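# Give me the fold of what follows.
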Amino acid sequence: MSVPLIDPELLSDIVATAGDISLVVSADGHVISVLPNPHHASFGRLSHWVGRKASEIMTSESLVKFQRRLEELQAPGARTVAVELNHVDEVISEFPIRYTMHCIGADKAILMLGRDLRPIAEMQQQLVMAQIVLERDYETQREMDTRYRVLMDATRDAVVLVAMNNGRIADLNASAAVMLGGSRQELVGAAIAQEFEGRRRSEFLESLTNIASANSVSPVELVARRSQRKLRVIPKLFRAAGERLMLCRIETTDHGARAQNETAENLERLFHEGVDGIVLLDDDGIITAANEAFLKLTDSSHVANVRGRSMADFLARGSVDLRVLLDNTKRARQLRLYATKVLNEFNGQVPVEISATYLNDRPKPGFGLIIRDASRTEILRRTDMATGPDGMRSVIELVGSSTLKDIVAETTEVVEKMCIQTAVDLTRNNRVAAAEMLGLSRQSLYVKLRKFGLLAKDD
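This is a model prediction of the structure:
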């Protein structure tokens with residue numbers, strides 16, 4: 001395309017107005033002229049750039065990009081390149097410009113036509129700030145939603161939220177679902193009036209609204225359709241985000257159920273605050289729950305450190321203790337005062353007495369253990385054995401009639417036979433488990449069983 005010759009003075013005005021700012025840079029990198037757009041006065045006077053090196057008016061990052069684009073422009077066949085640079089000036093601290101670089105003249109001078117990027121940068125900054133505000137509002141919303149959900153799940157009061165525009169259940173907690181006789185998934189979205197016997201939607205909502213508007217504390221007595229339980233509903237109206245909602249607190253009229261709830265609450269407090277360790281196991285002996293007393297007994301920092309582990313990890317004789325404990329408990333439904341030792345997290349041993357109960361009245365049977373620290377009892381027992389007349393009477397009677405060596409040998413055999421008999425009884429005649437409990441090999445156990453006449457003839 002042919003371009004007519006342009007007057008030099010007119011060309012200067014065209015170049016100056018073609019961009020927000022225009023620079024002419026020599027081949028050695030010095031600024032020859034600066035042409036700010038007369039209609040873009042925000043740059044002010046930049047005549048002090050003339051004669052300075054281009055590197056002096058750019059940031060270090062921009063200088064690297066400028067030199068790279070300059071090499072590309074000086075390559076054969078190149079006519080124009082684009083680059084974004086950040087200028088540094090005494091008057092304007094720092095401002096971004098997008099240039100198109102053109103090689104002009106035989107002296108390889110560079111014409112740089114620039115567009116001010118500050119409005120775009122300010123817009124981007126505003127978008128970033130708006131995004132930050134939105135993220136902050138979103139986090140606040142999530143926090144409030146979490147608090148609301150935890151409060152709904154943790155409160156013991158039965159609570160139902162009803163949307164007044166359609167009379168349907170917007171939300172409810174687990175206690176309310178139990179009283180109404182359904183699951184939360186089934187009840188959310190259901191018409192609240194249909195959950196009670198003999199109630200029409202319009203009449204039901206109107207009666208609740210009248211009670212709530214009158215600030216009356218007298219509840220409405222109703223019968224739940226699913227559970228057939230007599231309930232009392234206490235409504236309260238409020239508005240949230242322009243939507244009218246009704247908070248319905250549900251109470252039972254069954255005094256037996258109240259007493260049952262109080263018993264459950266007391267048992268829960270006993271579990272958490274009791275002085276004896278309480279542990280719940282599944283049918284395989286895996287810990288599903290443990291109280292604070294058990295954590296103190298085992299020096300565990302948190303219940304998460306014990307939940308999911310086998311109870312054998314905390315018993316001195318490991319799987320042997322656990323197998324004896326669970327087998328005898330499952331057979332007799334209860335086991336009292338099983339003496340053993342509990343291992344803590346630092347391999348220390350604490351004498352304990354364990355009472356166990358088999359909980360089989362549920363789809364997944366399990367075990368409940370009450371573990372009592374027997375350290376003081378063990379000390380008193382040892383003292384009584386060493387000094388008490390009853391414990392030593394049989395030994396004292398042998399003095400004078402037998403030598404000391406015979407007395408010790410006879411006493412040792414009696415104690416040894418009692419220990420072996422007890423181990424065999426606890427393991428229900430499981431010879432492998434009994435040998436492991438006594439710390440003997442299987443062959444040594446058989447030898448001692450024969451010695452004391454504890455083997456049947458067919459063995």
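# From here on, just use CA atoms for contacts and neighbour counts.
Fine.
# my read: Ala170 touches Met164, true?
No - with contact defined as CA atoms under 8 Å, Ala170 does not count as touching Met164 (9.6 Å).
# What are the buried residues along stretch 419-439?
For stretch 419-439, the neighbour count (16 or more other CA atoms under 10 Å) marks 420-421, 423-424, 426-427, 431-437 as buried.
# Any chance you could list what contacts that stretch?
Residues outside stretch 419-439 that contact it (CA atoms under 8 Å, 6 or more residues apart in numbering) are 317, 320-321, 324, 328, 441-442, 445, 449, 454.
# Weed out the non-buried ones from these.
In these, burial by neighbour count holds for 317, 320-321, 324, 328, 445, 449, counting by 16+ other CA under 10 Å.
# okay, those residues in TSV with secondary structure next?
Below are those laid out as TSV (DSSP: H, G, I helix; E, B strand; the rest coil):
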residue	secondary structure
Arg317	coil
Val320	helix
Asp321	helix
Val324	helix
Asn328	helix
Leu445	helix
Leu449	helix
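# now, which of those residues sits nearest Met179?
For the buried ones among the contacts of stretch 419-439, the residue nearest Met179 by CA to CA is Asn328; the value is 38.9 Å.
# Setting aside sequence neighbours, what's the nearest residue to the closest one?
Among residues not flanking Asn328 along the chain, Leu335 sits closest, at 6.9 Å (CA to CA, 6 or more residues apart in numbering).
# where's that neighbour, which helix or strand?
With elements taken from DSSP states H and E, the one containing Leu335 is strand 334-343.
# What residues of that strand count as buried?
Of the residues in strand 334-343, 334-335, 338, 340-343 count as buried by neighbour count, 16+ other CA under 10 Å.
# count of residues packed around Arg69?
17 (other CA atoms under 10 Å).
# Compute the distance between the closest residue to it other than its chain neighbours and Ser26, please.
Of all residues not flanking Arg69 in the chain, Val81 sits nearest, at 6.7 Å (CA to CA, 6+ apart). The gap separating Val81 from Ser26 is 16 Å, by CA to CA, to the nearest Å.
# neighbour-wise, which of the two wins?
The neighbour count for Val81 versus Ser26, taken as other CA under 10 Å, is higher for Ser26 (19 against 15).
# Which residue comes closest to that one once chain neighbours are left out?
The nearest residue in space to Ser26 (CA to CA, 6+ apart) is Ala109, at 4.5 Å.
# ranges for the helices of the stretch 1-150 of the chain?
Along the stretch 1-150 of the chain, counting by DSSP state H, counting those that start in this stretch, helices occupy 8-18, 60-73, 118-154.
# how far is the longest one from where the chain is centred?
Spelled out, it's helix 118-154. Centre-to-centre, helix 118-154 and its host chain are 22 Å apart (CA atoms, centre = their mean, to the nearest Å).
# buried set for it?
Neighbour-count burial for helix 118-154 flags 152-153 (criterion: 16+ other CA under 10 Å).
# got the angle for the following helix or strand past it vs helix 118-154?
The first helix or strand that comes after helix 118-154 along the chain, using DSSP H and E, is strand 158-163. Using axes from the mean of the first three to the mean of the last three CA atoms, to 10 degrees, one finds that strand 158-163 and helix 118-154 are set 140 degrees apart in direction.
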